[in-house]
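Student: got a structure for you, letters missing:
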Ligand SMILES: [Zn+2]
C-alpha cells in the first residue's frame, strides 16, 4: 500500500513535496518522491501534510475524569489540594470511562506513543487494546520516610503481578522531590531506578527544598504529614535529586521549569530526558521552562500535555503551538522533531517518531491548501488540524 500526500515530513530528513510512503505489514518500507514510488495500491490523501505520529511523553490518563472539575485554582498548591480532594469522589468505572475517552482523544489528534503516569494501573488493558504504544510510569508518592520500605515492597509486588503486554511497558516512577521522601527515592534508585518523575515544576518545590515554603508545609500538615521531619538540603530540585542518585540516562523528567544554568548542565550530563509541558505550566502559573537554555546545554527534550486536570485537551499539537508562541525563535523543524522523535527517544520507542524504513506505520495528517509551499510553517500556523492516520 502506498500513501500519497502533498507533503511528507519524515522528520529525519527535509520535507518531501508530492511524496509517498510505502507500507507493508504495519511498517514503513520506503519513503520518497511519488514519481519514484514502487508499484502498489495507492491511497491518495490529497493536498496536506503527513508526518510521523506524535509522541506525548507526559500524560496522566487516569486523571481525565477531573476535566473541568477543579475550578479556578489559585496557584499550584491550591490546584494540588483540589486534585487530591476531588480525585476520590468518582467511582472506578467513571475513572476508567474517562481514561478510555482520553486514549481516544490521543489517537484522534495524531498521537502514536504515550508516556502515561498512573497510581492505580487500572487501565492497562485499555491501553493494550488501543493503537497506542505506551510506557506507563507506576508513580509512587510517600512523604513519610517511615513508610518507605513498605511502599517500595508493595510497589514491587504490584509490578510483579502486571501481565506483560507487547505494546505497554510498566516501570516504577516517583511523583516529585517534595512529595517523595529521600529514603523512598534512594530505595527506588537502588532497586531498578526511578523511570520518571515531576522535576522542578513549581517555585514552591524549589523554595521548600531551599528550606522555606510555608504554603507547601501547610499543605503537608493538612494531609496529616506535619509531624514528618525534613532537613532541607538547600539545593535546587535538580541538584538534590542528583545527590540522591536519582538522575540517570533514560529518566523521563516532566517540566524542568525551575532550573538555572548549572541545573541544565547537570540534566545534560546525566542524560535525563526532559518533557516540556507548556500549557500545563501556564495553567498552574508556575512559569515556563527555559527552552533556549536547556537546548544550549544539550538536554534531551520532548513534549507532553500533562493531564486534563490542568489542560483542556490531550492534543499535543496545542502544546507545540503554545511553545511556538512563547518562544517564536524556536525553529519549526526543531518543534516538529521534539514532538515526534524527541518523545520517541525519551520513551525508548526506536520505531516511532520518524517516517523511515522499519518505522511503525503510525502517522498524523492534516489537510492543507494545494498550493502549500512551506509545510512546517503551515503546521505552526494554527490552521493545521492533525488527526491520527494508520495504514
Ligand atoms: Zn504530570
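Tutor: That came through, no problem. None of these values were measured; they are calculated from a predicted model.

Student: what's the nearest residue to residue 63 if we skip its chain neighbours?
Tutor: Nearest residue to residue 63, sequence neighbours excluded (CB to CB, 6 or more residues apart in numbering): residue 307, at 3.9 Å. In short, each C-beta sits where N, CA and C put it, glycine included.

Student: Then residue 391?
Tutor: residue 23 (4.2 Å).

Student: partner residues bridging the one you found?
Tutor: Residue 23 has these beta-bridge partners by DSSP bridges: residue 28.

Student: Next up, the contacts around it.
Tutor: Applying CB atoms under 8 Å, 6 or more residues apart in numbering, we find residue 23 in contact with 1-3, 29, 361, 391.

Student: if we go to 10 Å?
Tutor: By CB atoms under 10 Å, 6 or more residues apart in numbering, the residues touching residue 23 are 1-3, 29-31, 40, 43, 355, 359-361, 363, 390-391.

Student: Where does residue 40 sit, in terms of helix or strand?
Tutor: In the assignment (DSSP states H and E), residue 40 maps to no helix and no strand.

Student: What ranges does the stretch 51-200 of the chain have for its strands?
Tutor: 54-59, 111-118, 133-140, 168-174, 196-199 (DSSP state E, counting those that start in this stretch).

Student: Format the ones you listed as CSV; extra columns: mean pLDDT, distance to residue 259 and mean neighbour count.
Tutor: Shown next, in CSV, are the strands of the stretch 51-200 of the chain (pLDDT from 0 to 100; distance: least, CB to CB, whole Å; neighbours: other CB atoms under 10 Å):
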stretch, mean pLDDT, distance to residue 259, mean neighbour count
strand 54-59, 98, 16, 31
strand 111-118, 98, 20, 28
strand 133-140, 98, 21, 25
strand 168-174, 97, 18, 22
strand 196-199, 98, 9, 28
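
Student: can you redo those as JSON lines with distance to residue 342?
Tutor: Output for those, formatted as JSON lines (distance: least, CB to CB, whole Å):
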{"stretch": "strand 54-59", "distance to residue 342": "7"}
{"stretch": "strand 111-118", "distance to residue 342": "11"}
{"stretch": "strand 133-140", "distance to residue 342": "14"}
{"stretch": "strand 168-174", "distance to residue 342": "19"}
{"stretch": "strand 196-199", "distance to residue 342": "15"}
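
Student: one step back: go through the contacts of residue 23 and say which is closest to residue 316.
Tutor: residue 363 (14.0 Å; CB to CB).

Student: That closest one: how many residues sit nearby?
Tutor: A count of nearby residues for residue 363, using other CB atoms under 10 Å, gives 28.

Student: Can you pull the phi and psi angles for it?
Tutor: Note on residue 363: its backbone torsions stand at phi -130, psi 170 [degrees, to the nearest 10].

Student: quick revisit: pull out the buried members of the contacts of residue 23.
Tutor: 2-3, 29-31, 355, 359-361, 363, 391 (16 or more other CB atoms under 10 Å).

Student: could I get these as JSON lines with distance to residue 106 and pLDDT?
Tutor: Converted to JSON lines, the buried ones among the contacts of residue 23 look like this (distance: CB to CB, whole Å; pLDDT from 0 to 100):
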{"residue": "2", "distance to residue 106": "27", "pLDDT": "97"}
{"residue": "3", "distance to residue 106": "21", "pLDDT": "98"}
{"residue": "29", "distance to residue 106": "26", "pLDDT": "98"}
{"residue": "30", "distance to residue 106": "28", "pLDDT": "98"}
{"residue": "31", "distance to residue 106": "24", "pLDDT": "98"}
{"residue": "355", "distance to residue 106": "19", "pLDDT": "98"}
{"residue": "359", "distance to residue 106": "19", "pLDDT": "98"}
{"residue": "360", "distance to residue 106": "15", "pLDDT": "98"}
{"residue": "361", "distance to residue 106": "17", "pLDDT": "98"}
{"residue": "363", "distance to residue 106": "14", "pLDDT": "98"}
{"residue": "391", "distance to residue 106": "18", "pLDDT": "85"}
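
Student: what's the most distant pair in the residues you listed?
Tutor: Counting by CB to CB, the most remote pair of those is 2 and 360, 17.0 Å apart.

Student: re the thing from before, mind checking what secondary structure the residue nearest to residue 63 has?
Tutor: coil (DSSP: H, G, I helix; E, B strand; the rest coil).

Student: wait, isn't it in contact with residue 79?
Tutor: No. Assessed by CB atoms under 10 Å, residue 307 is found out of contact with residue 79, at 11.1 Å.

Student: hmm, back to that, can you name the two of the contacts of residue 23 that are farthest apart?
Tutor: Checking these with CB to CB, the most distant pair is 40 and 360, at 18.6 Å.

Student: Contact partners for the nearest residue to residue 235 once chain neighbours are set aside?
Tutor: The shortest distance from residue 235 to any residue other than its chain neighbours is 6.2 Å, reached at residue 209 (CB to CB, 6+ apart). Going by CB under 10 Å, 6+ apart, residue 209 touches 177-178, 200, 216, 230, 232-237, 239-241, 258.
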